[in-house]
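Engineer: model this:
(chains A and B)
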Amino acid sequence: MTGTRITDAQLVTLVALRWLIGWHLMYEGVAKLLNPYWTSAGYLAASNGPLSGLYVWLASNPTRLSAVDWLNKWGLVIIGLALILGLFTHWATLAGMALLALYYLGNIPFIGTQSPIPTEGSYLIVNKTLVELAALTVLLVFPTAKTIGLDRWIGRRGEAQ
Amino acid sequence: MSDESKDTQDRPEPEDKRGVDRRDLFKGLASLPLLGAFGYGAFSRKIRADAKKRRIMQELGVSGEAPAIIDRAQSRPPSDRINLAIIGVGGEGEALLRGAGFAHPEVIESWRTAAQEDPRNRRLADFMVQDDLNLELTAVCDVFDVRAERALAISSNETRPAGGPVKRATRYRHYQELLASPDVDAVLIATPDHWHARMTIDAAAAGKHVYCEKCMTRTDEEVVPMVEAIKSSGIKFQLGHQNRQLESHEKAREVYEKGILGQVTLIETTTNRNSPGGAWVYDIHPDGSPQTIDWDQFQGPAPNHVDFSLERFFRWRCWFDYGTGLSGDLLSHEYDAINQIMRVGIPQSAVASGGVYFFKDGRDVPDVFQVVYEYPERDLTLVYSATLASGRSRGKVFMGHDAAMEVGGNLRVIADSGSTRYHDLIEQEIVDPARPLLTYRPGFKGIDAVTTATEEYFASRGLLYTYQAGRRVSTHWLHIKDWLDTIRYGGEPSCNIDRGFEEAITCHMATKSYRLGRKVEWDAERQVIV
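Structural biologist: Here you go, the predicted structure:
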């Protein structure tokens, strides 16, 4: 990629993608923050896949559960905000990928599994969480925040040294 | 590598690294308008949702809070210790003892294993933090040696909320010897129904407080003498409808009393079970024999005395000689919940039908059973429908002109599209008849595991536990505590003899109608079913 120039159209679409994902994650977090009854317990308890045991364990203790709930809510808000602002975008993208991977692994639409959580679509192995995760990897490989975003100034200081 | 691509992108710009020109500023802060839009969107949505909710709550006049739990004094000096006895230590008897804070070592061990296998299983943890009721289990009586021995082991097990040391109880061969003991203040009666009336009357005569399992009596003739015995003795009597302690029932009562449902003309309540255990085909203990079971004492006041039968002993609910089947076992709980929520009292008439359609194992009580009760003074019909051979949940529904209410462990109120009261709110799209107007899930965050199908049935009906301040508590414990509190501090138990009277008569009207094959009525003046 070295030396490859991104066209304006490519830049605009990549930034738009970054903002859309940021918006989505941030509102997921804000909605959970605003709902005093929200808890990840149901999701964790109903999880399938390789991490199911861990998730059930997390949900089985009120202290652990409230820690998970807190990390989840604020994680979503902070990652979403960072993607929109273009601030520490590299780390926010990685954290977003990790979070989405945890969601995906907790509820994988395998051939033989029927999700206990009602979904609005039909999925086989690939679901929207996985697609969003893939979109974040695109943003990781084609970073834009040093052009459009606050990282512009943060990164520059680094470059200057 | 990616940073370099950025550099190429940036190259055409003026290389001013310290200063921030307008173009630079625009590129760095380009997302601010987006954030503004986000903030505005999220904020207005929240404001709008809150306003809608406030408007609905205002209109309904209910609080979103959990029902207030007024706890009586908690300090219990040792002198205030109550000596407890139990007659009949089968499945329900052991459940009551656990509610009172006494569990069998094997049960503790099975909970421990279950918690190790599945961390969601919190039975042991919940039991161990159950508040101590300051009791001593002094006397036990069971006609089956194995169960009496189990009860003794329970009485001396120190793995309990209050810890040890505990004294081993005394076993009495006959319940009358137990009632005569000066070491007994209060007694749990968890025998088959045919013994309830006589044992309660004898206990009242001996001045012992009684917690009696439902159905309160086996026949309607036994009801009035039992009521008189309790009222004249002044003992505290609690009938074993532990689901009275459910938060959701208290909330349902509030919803009904505030008139949110409008006129309720029909209540539909059901039993839907589909397992041998749910149909009372209980295990026959391998040690059960004429040598280990006092068959004569078991039969006691049963109308027909027959030869020794393991089926009849272990599966007594299947015969009218000892109980009343669905009517006394499950309709009684459903009716009591409705009576708690709407104070319906005794109906004017009952028509019942059904048959033995699935479990053709020699039983004489029906396994499919329907009853229609009429309350003309309340402009109300109550329908009970039960099967023991299909498990699809049908719930308990109060059908009001303005809204319907579904009650179980949770509560849902759904506005009716034909409602008069909510007509304007529905037009203004503040109330949506397709979605619940109110839901109430007892304050709890967390999950728990329920294991068997029968347990799931009980849990959904609130017969196992409820939630208080976010903690799961046993409804048996609450119901026993409710009774003990009245013994210690006065007042009336929540399912006292007046509620018991209504429950027993109502259930027996159904049984009588089924057995006579005709409609029956309650003659309130003569106090008889005709």
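Engineer: The residue in chain A that chain B sits nearest to: neighbour count?
Structural biologist: Using Cβ to the nearest Cβ, the closest approach of chain A to chain B is made by A:Ser60 at 3.8 Å. Every residue, glycine included, has its C-beta placed from N, CA and C. Using other Cβ atoms under 10 Å in any protein chain shown, A:Ser60 has 23 other residues around it.
Engineer: From the structure, what's the count of residues near the closest residue to it other than its chain neighbours?
Structural biologist: Nearest residue to A:Ser60 in three dimensions, chain neighbours excluded: B:Pro119, at 3.8 Å (Cβ to Cβ, 6 or more residues apart in numbering or on different chains). Neighbour count of B:Pro119, defined by other Cβ under 10 Å: 17.
Engineer: cool, B:Gly262 as well?
Structural biologist: Burial measure for B:Gly262: 18 neighbouring residues, criterion other Cβ under 10 Å.
Engineer: right, and it touches B:Ala403 too?
Structural biologist: Yes. With contact defined as Cβ atoms under 8 Å, B:Gly262 counts as touching B:Ala403 (6.6 Å).
Engineer: Who are the contact partners of B:Lys46?
Structural biologist: Contact analysis of B:Lys46 by Cβ atoms under 8 Å, 6 or more residues apart in numbering or on different chains lists A:Leu34.
Engineer: actually B:Asp183, sorry about that
Structural biologist: The contact partners of B:Asp183, by Cβ under 8 Å, 6+ apart, come to B:Asn83, B:Thr138, B:Ala139, B:Thr170.
Engineer: In terms of pLDDT, where does B:Ser5 sit?
Structural biologist: Looking at B:Ser5, its pLDDT is 45.
Engineer: The contacts of B:Asp183 into JSON lines, with extra columns for secondary structure and neighbour count?
Structural biologist: Listed next are these as JSON lines, based on DSSP: H, G, I helix; E, B strand; the rest coil; neighbours: other Cβ atoms under 10 Å in any protein chain shown:
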{"residue": "B:Asn83", "secondary structure": "strand", "neighbour count": "18"}
{"residue": "B:Thr138", "secondary structure": "strand", "neighbour count": "21"}
{"residue": "B:Ala139", "secondary structure": "strand", "neighbour count": "24"}
{"residue": "B:Thr170", "secondary structure": "strand", "neighbour count": "18"}
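Engineer: quick one: which of those is nearest B:Thr200?
Structural biologist: B:Ala139 (16.3 Å; Cβ to Cβ).
Engineer: Quick check: the gap between the closest one and B:Ala204.
Structural biologist: Using Cβ to Cβ, to the nearest Å, one obtains 17 Å as the distance from B:Ala139 to B:Ala204.
Engineer: Next up, phi/psi of the residue of chain A closest to chain B, please.
Structural biologist: phi -80, psi -10 (degrees, to the nearest 10).
Engineer: Output the contacting helices and strands for the lengthiest helix in chain A.
Structural biologist: For chain A, the helix that runs over the most residues, judged by DSSP state H, is helix A:8-34. Packing partners of helix A:8-34 (3 or more Cβ pairs under 8 Å, 6 or more residues apart in numbering or on different chains; DSSP states H and E): helix A:62-85, helix A:89-106, helix A:128-141, helix B:32-60.
Engineer: How about it, which residues are buried there?
Structural biologist: Residues of helix A:8-34 classed as buried: A:11, A:14-15, A:17-19, A:21-23, A:25-30, A:32 (neighbour count, 16 or more other Cβ atoms under 10 Å in any protein chain shown).
Engineer: do stretch B:177-191 as well
Structural biologist: For stretch B:177-191, burial by neighbour count (16+ other Cβ under 10 Å) applies to B:Leu178, B:Leu179, B:Val184, B:Asp185, B:Ala186, B:Val187, B:Leu188, B:Ile189, B:Ala190, B:Thr191.
Engineer: so who does B:His401 touch?
Structural biologist: B:His401 neighbours (Cβ under 8 Å, 6+ apart): B:Leu261, B:Gly262, B:Gln263, B:Val264, B:Thr265, B:Asp416, B:Gly418, B:Ser419, B:Thr420.
Engineer: Which residue comes closest to the fourth one once chain neighbours are left out?
Structural biologist: Going back to what we said before, that points to B:Val264. B:Gly400 is the one closest to B:Val264 (Cβ to Cβ, 6+ apart), at 4.6 Å.
Engineer: Please identify the helix or strand for the residue lying closest to B:Gly328 once chain neighbours are set aside.
Structural biologist: Distances taken as Cβ to Cβ, 6+ apart place B:Cys215 nearest to B:Gly328, at 2.9 Å, with adjacent residues excluded. Under the criterion DSSP states H and E, no helix or strand holds B:Cys215.
Engineer: what's the spacing between B:Cys215 and B:Gly28?
Structural biologist: 77 Å.
Engineer: In three-state terms, label B:Arg150 for me.
Structural biologist: When classified by DSSP: H, G, I helix; E, B strand; the rest coil, B:Arg150 comes out as helix.
Engineer: I figured it hits B:Gly91, correct?
Structural biologist: No. The pair B:Arg150 / B:Gly91 is not scored as a contact, 11.1 Å apart, by Cβ under 8 Å.
Engineer: The two - which one has more neighbours?
Structural biologist: Higher neighbour count among B:Arg150 and B:Gly91: B:Arg150, with 22 against 12, using other Cβ under 10 Å.
Engineer: where's B:Gly325 relative to B:Asn304, distance?
Structural biologist: If you measure B:Gly325 against B:Asn304 using Cβ to Cβ, the figure is 16 Å.
Engineer: what's the answer for B:Val371, then?
Structural biologist: From B:Val371 to B:Asn304 the distance is 25 Å (Cβ to Cβ).
Engineer: Tell me which of those two has more neighbours.
Structural biologist: Higher neighbour count among B:Val371 and B:Asn304: B:Val371, with 28 against 9, using other Cβ under 10 Å.
Engineer: What part of chain A, helix or strand, is modelled with the least confidence?
Structural biologist: helix A:151-160 (a mean of 64; mean pLDDT, DSSP states H and E).
Engineer: Verify the contact between B:Arg363 and B:Asp321 for me.
Structural biologist: No. Between B:Arg363 and B:Asp321 there is no contact under Cβ under 8 Å: 10.9 Å.
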